[in-house]
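K.L.:
Generate a structure from the sequence data that follows.
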Amino acid sequence: MSKLSCLIVVGVVLSAAATVRADPNMPRRARRLRVELVRAYAACAQPNQGLIDNSAITACGPVKPLSSFNFGRQGHGRVQIQIGGTLGNFLRLDVALRDVRDAAGKPVDRGSFTLHYSFRISTDFCPSGECTTTQITKAYPSASCSNGRCVGTGVVDLGGFLTPGFDASIEIEQIQVFDSNGTLFAVQGIGRNASE
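P.N.:
Model (predicted):
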């Protein structure tokens, strides 16, 4: 093979390698996130006791709820976030709270709770190939309450970040629900009711 042929072959291979998109390792199916909510409590700053069966795990007592609102015996909360639209270019957010009570123990009949969340988007729809956005924080949608049930739905347009033909990964970092007074009421988590 001549020197000219070798240079052409090497040049084609290098230019092909330069135009191939890097593999961002995006999952095939991760279009919906469902999260259960638990009541938010103040963090334990100065432990004054240990757990019954493991005193090595320290704790603070009594518990200190952050919000004056609470879940009743049938209460629970759920948030669902999913990619939507025919082009898959927006997030649909649904928040549902059931059996929410005020400080007097009555079902919440007016007011609203607001979903707060933060996320980052990693995509290959960037001038440099791949990129990750800075943290994006939103306070939307609001869930209006009637007879202890609070429901809200919202849509966030992500524009070019979720462009068809390009990979994208959305990291949901924090999910919080604030009450009508602006106080943290619930966060993503898991729990168990002892009566079950």
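
K.L.:
Any buried residues in stretch 154-172, and which?
P.N.:
Residues of stretch 154-172 classed as buried under the neighbour-count rule (16 or more other CB atoms under 10 Å) are 154, 156, 158, 161-163, 166-168, 170. All C-beta atoms are positioned from the backbone trio N, CA, C, and that covers glycine.

K.L.:
So in terms of bridging, what pairs with Pro65?
P.N.:
Pro65 forms beta bridges with Tyr41, as assigned by DSSP bridges.

K.L.:
so what's the nearest residue to Thr134 once chain neighbours are set aside scoring on pLDDT?
P.N.:
Setting aside the residues directly before and after it, Thr134 is nearest to Arg120 in space (CB to CB, 6 or more residues apart in numbering), at 7.3 Å. According to the prediction, Arg120 has pLDDT 90.

K.L.:
what's Arg120 in contact with, if anything?
P.N.:
Going by CB atoms under 8 Å, 6 or more residues apart in numbering, Arg120 touches 132-136, 170-171, 173.

K.L.:
Can you tell me the element it falls in?
P.N.:
Assigned by DSSP states H and E, Arg120 belongs to strand 112-126.

K.L.:
Mind giving me the packing neighbours of the helix or strand following that strand?
P.N.:
For strand 112-126, the succeeding helix or strand toward the C-terminus, using DSSP H and E, is strand 129-132. Contacts defined by 3 or more CB pairs under 8 Å, 6 or more residues apart in numbering; DSSP states H and E place strand 129-132 against strand 112-126.

K.L.:
Show me the beta-bridge partners of the most centrally placed residue in the chain.
P.N.:
The centre of the chain sits closest to Ile172, judged by CA atoms, centre = their mean, with a distance of 3.7 Å. Taking DSSP bridges, one obtains Phe119 as the residues bridged to Ile172.

K.L.:
Any figure for the gap between it and Ala96?
P.N.:
Using CB to CB, to the nearest Å, we find Ile172 at a distance of 17 Å from Ala96.

K.L.:
cool, and Asn48?
P.N.:
36 Å.

K.L.:
cool, Ala56 as well?
P.N.:
Taking CB to CB, one finds Ala56 at 38 Å from Ala96.

K.L.:
ok, now which ones touch the spatially closest residue to Tyr117 that is not a sequence neighbour?
P.N.:
Nearest residue to Tyr117, sequence neighbours excluded (CB to CB, 6+ apart): Ile175, at 5.0 Å. Residues in contact with Ile175, defined by CB under 8 Å, 6+ apart, are 35, 37, 79, 115-117, 187-188.
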